[in-house]
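1. The following block contains a protein sequence and its predicted model.
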Amino acid sequence: MLKPTAGLANKDRQGPLPHPSPSLSPSPALPPRIGALLLAAGLSALLSGCNLELLNPKGSIGAQEKSLILIALFVMLMVVIPVIFLTLWFAWRYRESNTRATYAPKWSHSTKIEIVVWGIPCVIVACLAVLIWDSTHKLDPYRPLESEVRPLQVDVIALNWKWLFIYPEYGVASVNQLAIPVGTPVNFRLTAESMMNAFFIPQLGSMVYTMAGMQTRLHLIADTPGVYLGQSAAYSGAGFSDMHFKTLATSRENFDAWIGKARASAHALDANTYGALEQPSTRDPVTLYASVTPKLFDQVVDKYMQANGAICRANTPESLQAFQRVPSALPGRLEQ
């Protein structure tokens, strides 16, 4: 004979059913509104350390580039916002359930719409053309800055993975630290020891590439004292994330004191020292050098040309002789 199940027995039982123990009951879920607030607070905490340095310039070049970025953003929003609004409005206006909307299956042309669709982009492109032409010449990295103050010359060599700064006027150098006086134009000459890199101080302005065997230029100025981030803006291998430096923008007195500190250093940047710096390394500490080998920057730029001389120039006897010494391709090589 089958016995009744526990559920049936409880159903026939007199009195209310026993309630589960409060300690075993599941905790109530947080209301959606409180969860959203907690998520927003967490995201705000994560973003609290972010700093839009590009939009917080500390020099005239950076300020002009900020204005250019904002103008370009405004021009783009002039197109994006109306398009988004009209897309949503058309979807609502001409939905299937709206019987008040005009149904015109044979419509094919509207002169007014054509004027708006083609006229507004033409005006925007014309305005951008004038803006780009003007800003391209004003913000040319090779264009010297106009100032009554004598500019400071700094030679930059991108190593793996560190930055070497040479002050030829003072005969000193530094690794992973750049010191400049406020209100003084800085004329940079830049090159790289091996792979291509990019020199960038976001709060001061333009980014310029550095390439081995080549020399690029950059002109910047700091208007406000402070410590600004300098970094590599082009991926250059395993140590890329640690390839950054601090830019010390100080008064002329503090800059002269920094130069005096460098001259008092026990290190000298000679051929052997530079050979050691050439070796790939990461997180190198700030190092000051009291003396530098004369024309070290020029030697780094020209080191690939010294052995060849005029071979790198076309239509010279040296280049023609070098071409004649090149062995011909093996049979079948071109087909492969």
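-> It's in. Residues are numbered from 1 along each chain as shown.
2. Need phi/psi at residue 283.
-> Per-residue torsions, residue 283: phi 50, psi 40 (degrees, to the nearest 10).
3. residues in contact with it?
-> In this structure, residue 283 makes contact with residue 242, judged by C-beta atoms under 8 Å, 6 or more residues apart in numbering. All C-beta atoms are positioned from the backbone trio N, CA, C, and that covers glycine.
4. isn't there a helix covering residue 199?
-> No. Counting by DSSP: H, G, I helix; E, B strand; the rest coil, one finds residue 199 to be strand, located in no helix.
5. what's it in contact with, if anything?
-> So residue 199 contacts 156, 158, 163, 188, 190, 207-210, 218, 230, 232-233 (C-beta under 8 Å, 6+ apart).
6. Closest one to residue 39 out of these, please.
-> Of all these, residue 39 sits closest to residue 233, with 32.4 Å by C-beta to C-beta.
7. circling back to that earlier point, would a markdown table of the contacts of residue 199 with neighbour count and secondary structure be doable?
-> Compiled in a markdown table, the contacts of residue 199 are given as follows (neighbours: other C-beta atoms under 10 Å; DSSP: H, G, I helix; E, B strand; the rest coil):
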| residue | neighbour count | secondary structure |
| --- | --- | --- |
| 156 | 22 | strand |
| 158 | 26 | strand |
| 163 | 24 | strand |
| 188 | 21 | strand |
| 190 | 25 | strand |
| 207 | 16 | coil |
| 208 | 20 | strand |
| 209 | 18 | strand |
| 210 | 26 | strand |
| 218 | 24 | strand |
| 230 | 22 | strand |
| 232 | 23 | strand |
| 233 | 17 | coil |
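8. Export these to CSV and append columns for distance to residue 54 and pLDDT.
-> CSV is the format used below for these (distance: C-beta to C-beta, whole Å; pLDDT from 0 to 100):
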residue, distance to residue 54, pLDDT
156, 20, 98
158, 21, 97
163, 20, 97
188, 19, 98
190, 20, 97
207, 10, 94
208, 15, 96
209, 18, 96
210, 20, 96
218, 16, 97
230, 13, 96
232, 16, 95
233, 11, 93
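9. where's the residue nearest in space to the middle of the chain relative to residue 273, distance?
-> What sits nearest the mean C-alpha location of the chain, by C-alpha atoms, centre = their mean, is residue 233, with 4.9 Å. Distance, residue 233 to residue 273, by C-beta to C-beta, to the nearest Å: 27 Å.
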